[in-house]
Each structure stands twice: as C-alpha cells, then as structure tokens.
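Asks: turn this into a model:
(one chain, ligands or ions: 1)
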Amino acid sequence: MAENNDPSILSITEPTIFERGSKGRDGVALPSTGIEQVDVNTLLPVDMIRDEIDGLPEVSEVETVRHYTRLSQLNYGVDNGFYPLGSCTMKYNPKVNEDVARYPGFSGAHPYQPVESVQGNLSLMYELESLLGEITALPHVTLQPAAGAHGEMVGMMMIRAYHEDHGNPRTKVLIPDTAHGTNPASSALCGYKVVPIASNDKGILDAAEVERVMDEEVAALMLTNPNTLGLFEENILEIAKVVHDKGGLIYCDGANMNALMGIAKPGDMGVDVLHLNLHKTFSTPHGGGGPGAGPVCVTETLAPYLPAPVIVKSGDKYSFNDDRPKSIGRVKAFYGNFGILVRAYAYIRTMSAEGLKRVSETALINANYIKERLKEYYDLPYDLPCMHECVFSDKKLTPYGIKTLDVAKRLIDYGFHPPTIYFPLVVNGAIMIEPTETESRQTIDWFCDAMINIAKEAEREPELLKEAPTKAACRRLDEVKAAREPKLRWQP
Ligand SMILES: *Cc1c(COP(=O)(O)O)cnc(C)c1O
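Replies: Purely as a prediction, here's the structure:
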C-alpha cells in the first residue's frame, strides 16, 4: 500500500468526459410510464426548440461519478497534504465551522428579509465586529469587504476621506519593498502615487528612512507586520510617530494576523487602519478563488468614514444605520460574504482567546523550526528569528545549475505542495515557507527531510531536479506557452 504522502496517488490518467461512454448510454433510465409520447414539435414554437447538439458525452451514472471524483483527486489541497504557501496562510480549517455555516438559519436567510426576522444573524455580525476589534485593538469594524485587496481599497478610501475632510487628500502613499503586490495597486486605485521605501539589511524598515521620505503630501504609510519576509517590524512605534507627526496615517496589511493573535495588537502599535483576511487566519478555506472576507478595523478617529450602513444595537435589538454623513458609502451588497463571517465567528468562539494565542505561538515555533533545520542546506538571506514564515533563496544551489523552480517541482515528487516561490521580490530566487500551526512535528519533519534530500540531489544528481516532477499527473509545463496560448476549452 502506498504511504500516505506517496505522490504516485496523483498519477491517475483520466480521459476527458467526451472520450468516455458510447452512443445511447445514459445516466438515468426510468421504467416506461405507459403515457403516450408526444413529438415536441407539436407542443412548442419551433424557435424555442434547440437543435440537437453533436458530441455531448453519453455516460452512465457511475462513469460520471468516477470521472469527477478522479478529477477532484488530481487537485492537491490542504485536505490531502502539507501546503506550505508563504504569505497566504493555507492552514487547515476545522470542519465544524463548515457545519455551522450550513445551519439553515444562516445559509437560507434571504438578503431582503426584514431585519426583525434575522436578528440572530445581525447579532453574530455585531459580535464578530467586537471580537475582531478586540483582537486588533482597533475597535470600529466593517465586515463588508469581500477580500483582502478589497479591504485595502476600502481602508485607503477611508484614509482619503479623512484627509479630504481635513482639507487636503494628499498625493502619496509610502510602501516598503517587502509589500504584497496588492498594496501599491490599492493605493493607485485610490488616486495615490506610490513611493517605495527600501528595507534595511535586516529586512525591516528603519524610522530614519521613513523620516527621509515623509512629508505633508504623504497620506499614509502602508505596512505589513509581520512583513512578507516573515519578520516583525520592530521599529513600528518610532515609525508610526514619524508618520503621525506629519499628519499621515498608518495602514497595516493584517493578512499575516496568524502570527500575532493574542500576542500583540496592531492598535497598540500606532496603526490607524488594518484589514484582516478571514479566509486566511479565521477558518475559511481558500485557494480556489473565493469567496473571502476582508474586514477593515479602524481607530475611533476614522470610524465616521466606515462604509455604511453600520450595524447598531439598541436595547437587545439590532438594526442597520444608514445615517452616516461622512461614510465612504456601501462597498458590498447586502450582508457582505455572510457565510465567511459565520465561519470566523465559530472559529473564534471554538478557539477562545487562549486558543488563538496558541495558534500564533505554534505558527511561530513551526516556522522557526523549519528555518533552523534547513538553513544549513539553503541560503537564508535574513538570519533572524522569524514569525510565521521563513524565506530562503537558491543561492547555495546555483553553482550546480539548480534554481528555485527546480526545487519546487522536485517537491511534488516527494508528495508536497511547493511553497511560494520568487516572492517576496527583495529576495532573488525566494522560497517562502509558511507551515502554519495546524501541522504536526512529524509532517514538518517529513517536509524538511524532503527539502534536505533535494539539496543533496542538487549537488549529486541535478538532472533529477531538472526533470521533476516525474510522478505527478502533469510533467513540467511550458509556462511561457501556457501563459501566452492558454487552452481553456475542450476541442474535438
Ligand atoms: C493574501 C494577501 C493579500 C490579499 O488578500 P486577497 O484576499 O487575496 O485579496 C494582501 N496582503 C497580504 C500580505 C496577503 O498575504
């Protein structure tokens, strides 16, 4: 029997559904009813009857089930193995939160139902806002944004509204070179010029460097903490002071909250606006393209600009309040992505404050363990205690003609999903590993053993890496051709 991380389970060759079955075969055959058959042409106007479609698959029920089940097995997901993508927090999400999100009162609520009939749902949202406010020490929260990048845009719109309200929207946003690509995009969408700032040789920002570029045209500094090198921006208090002294605001990209929960609060670090990724930190599976939720948490000062409506509580009744003259307006229809909010609420309540703290502590320990085990074999450009992820490079392997891409492809042969590669851009040939808190020591050791073996193979048998993957359903693709000539449709 195959070991549970044997990638050969991935090597199923599956023909397309069009290549299966044969003429006249069908999924469901019911007994004759005895009712006389009528020609459809006598029942419907001719222009409403579609032509026969040639080439549709004709398959039995079991063939259909097997086909799609097999296709689903070609997908690698966190339910079949370790998925150490950096920055994206591909952690395992407890199934109980899926069950809760499917309760009929949550999943069956209609967006047009009168608010009196969805009081439970509103109370869940109201309480979730206050829980997220407590986790971040930024007490005013909107749950409307549908993703992290959407949250960034909403946060930047609020920053713009704040500055406009104070007489000048300003023109620039400062963004460190370690930032996620969505940060400059969100700033530009809100009409700001992006000014990049270099991090220092320790991989973090210096207050002096911020001071050098800070002026009264800067609306905000947009910072990720911990940053995408997995390092804590330890000068944050000094940096926040420099920015605030010139009237600017601090935006923090909180997609990496998995490292901080219960340990440190961005609101205590001088942050004014922060978005969270519920689909990374708070138990919504992601990676398949959505849906997600990117709540934005802000200080008292910025609360008037929050998207409207806001949920208010009076006595024990919840309602929506639209009377918000300074609001940036609505950013998402109805209740936002409500199912994601239910999962986050269930996750926080089942974990408890103590549990959330342990999540972050374990995420940190796991990442540091990997960093220590692998640093002898892989170049570690910033050798400091890391947070929830660590970043290596391919520098030690390039003398053998081996690049980061070859290591990633070879990992597939060992049964692992490759980590994030070539990001962050400040590290050439980056290999960015985020193990998350949900993996056992044993799984992490399997992964480290594979990485160490690959480093040895690079020296002794580099051609093994160049050919990889050899065991997966798909061999190495021509990535340029795939990007230039995507073939997305079945063609007979
Ligand atoms: C994932 C991520 C984002 C973007 O979030 P989406 O939900 O994918 O839009 C932004 N910043 C960081 C640091 C991230 O990891």
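
Asks: which single residue in the stretch 101-250 of the chain comes nearest to the ligand?
Replies: Nearest residue of the stretch 101-250 of the chain to the ligand (Cβ to the nearest ligand atom) works out as Gly148 at 2.2 Å. To be clear about C-beta, it is placed using only N, CA and C from the backbone, and glycine gets the same treatment.

Asks: need the contact list for that residue.
Replies: Thr182, Asp253, Ala255, His275, Asn277, Lys280, Gly292, Gly294 (Cβ atoms under 8 Å, 6 or more residues apart in numbering).

Asks: just Arg20 next, same as before
Replies: Pro57, Val59, Glu63, His67.

Asks: and which of the contacts of Gly148 is nearest the ligand?
Replies: Of all these, Ala255 has the smallest distance to the ligand: 3.3 Å, by Cβ to the nearest ligand atom.

Asks: what residues are up against the closest one?
Replies: Ser87, Thr89, Gly148, His180, Thr224, His275, Leu276, Asn277, Lys280, Thr281.

Asks: highest neighbour count among the residues you listed?
Replies: With neighbours taken as other Cβ atoms under 10 Å, the top of these is His275, carrying 31 neighbours.

Asks: what number of residues lie near the nearest residue to Gly24 once chain neighbours are set aside?
Replies: Nearest non-adjacent residue to Gly24, counting by Cβ to Cβ, 6 or more residues apart in numbering: Glu58, 6.4 Å away. When neighbours are defined as other Cβ under 10 Å, Glu58 has 15 of them.

Asks: wait, what's in contact with Glu58?
Replies: Gly21, Ser22, Lys23, Gly24, Arg25, Asp26.

Asks: next one: Tyr83
Replies: Counting by Cβ under 8 Å, 6+ apart, Tyr83 touches Tyr76, Gly77, Met90, Gly287, His417.

Asks: any idea which of the residues you listed is the one closest to Pro462?
Replies: His417 (22.5 Å; Cβ to Cβ).

Asks: how near is that closest one to Leu411?
Replies: 8 Å (Cβ to Cβ, to the nearest Å).

Asks: higher neighbour count, the two?
Replies: Leu411 (24 against 19).

Asks: one step back: now, the contacts of Ala255 that are in strands?
Replies: Judged by DSSP state E, the contacts of Ala255 include Thr224, His275, Leu276 as members of strands.

Asks: so the second one sits against Met257, correct?
Replies: Just to be clear, that refers to His275. No - using Cβ atoms under 8 Å, His275 makes no contact with Met257, being 9.6 Å away.

Asks: what does the stretch 51-200 of the chain have sitting close to the ligand?
Replies: Contact residues, the stretch 51-200 of the chain versus the ligand (Cβ under 6 Å from any ligand atom): Ser87, Cys88, Ala147, Gly148, Ala149, His180, Thr182.

Asks: between those residues, which is nearest Gly133?
Replies: Gly148 (18.2 Å).

Asks: coming back round to it: what about the residue nearest to Gly24, which helix or strand?
Replies: Element membership for Glu58 (DSSP states H and E) is empty, with no helix or strand holding it.

Asks: distance of it relative to Asp39?
Replies: Taking Cβ to Cβ, one finds Glu58 at 22 Å from Asp39.

Asks: and Glu354, what is it in contact with?
Replies: Gly262.

Asks: sec struct for Leu132, please.
Replies: Of the three states, Leu132 takes helix according to DSSP: H, G, I helix; E, B strand; the rest coil.

Asks: who's in contact with it?
Replies: So Leu132 contacts Val141, Leu276, Pro295, Cys297, Ala344 (Cβ under 8 Å, 6+ apart).

Asks: now it. Nearest residue, chain neighbours left out?
Replies: Val141 (5.2 Å).

Asks: same check on Leu221?
Replies: For Leu221, the spatially nearest residue (Cβ to Cβ, 6+ apart) is Leu174, at 4.4 Å.

Asks: quick one: that neighbour is in a helix?
Replies: No - using three-state DSSP, the assignment for Leu174 is strand, not a helix.

Asks: now do it, the pLDDT please.
Replies: pLDDT, Leu174: 98.

Asks: buried set for the host helix or strand of Glu129?
Replies: Applying DSSP H and E as the criterion places Glu129 in helix 119-136. Counting neighbours by 16 or more other Cβ atoms under 10 Å, one finds that the buried residues in helix 119-136 are 121-122, 124-129, 131-133, 135-136.

Asks: go on, stretch 64-79?
Replies: Residues of stretch 64-79 classed as buried under the neighbour-count rule (16+ other Cβ under 10 Å) are His67, Tyr76, Val78.

Asks: distance of Val407 from Lys396?
Replies: 11 Å.

Asks: those two - which one has more neighbours?
Replies: Higher neighbour count among Val407 and Lys396: Val407, with 25 against 17, using other Cβ under 10 Å.

Asks: any idea where the strands of the stretch 351-492 of the chain begin and end?
Replies: 390-392, 420-421, 431-433 (DSSP state E, counting those that start in this stretch).

Asks: and for the stretch 51-200 of the chain?
Replies: 140-142, 172-176, 193-197.

Asks: the closest residue to Glu216 other than its chain neighbours - how many residues pack around it?
Replies: Distances taken as Cβ to Cβ, 6+ apart place Lys246 nearest to Glu216, at 5.5 Å, with adjacent residues excluded. By other Cβ under 10 Å, the residues close to Lys246 number 13.

Asks: for Lys246, phi and psi?
Replies: Taking degrees, to the nearest 10, you get phi -100, psi 20 for the backbone angles of Lys246.

Asks: close enough to count as contact, it and Val213?
Replies: No - if you go by Cβ under 8 Å, Lys246 and Val213 don't touch, sitting 10.6 Å apart.

Asks: give the bridge partners for the residue nearest to Leu132, please.
Replies: Cys297 (DSSP bridges).

Asks: now do the contacts for it.
Replies: Contact analysis of Val141 by Cβ under 8 Å, 6+ apart lists Glu129, Ser130, Leu132, Gly133, Pro295, Val296, Cys297, Val298, Leu306.

Asks: tell me the predicted confidence for it.
Replies: With respect to pLDDT, Val141 has a value of 98.

Asks: can you check Pro325 too?
Replies: 98.

Asks: how close does it sit to Leu425?
Replies: Distance from Pro325 to Leu425, by Cβ to Cβ: 42 Å.

Asks: the more surrounded of the two?
Replies: Using other Cβ under 10 Å, the more surrounded residue of Pro325 and Leu425 is Leu425, with 12 against 6.

Asks: for the nearest residue to Ala333 once chain neighbours are set aside, give me its contacts.
Replies: Spatially, and ignoring its direct neighbours in sequence, Ala333 is nearest to Pro111 (7.4 Å; Cβ to Cβ, 6+ apart). Residues counted as contacts of Pro111 (Cβ under 8 Å, 6+ apart) are Ala333, Phe334, Tyr335.
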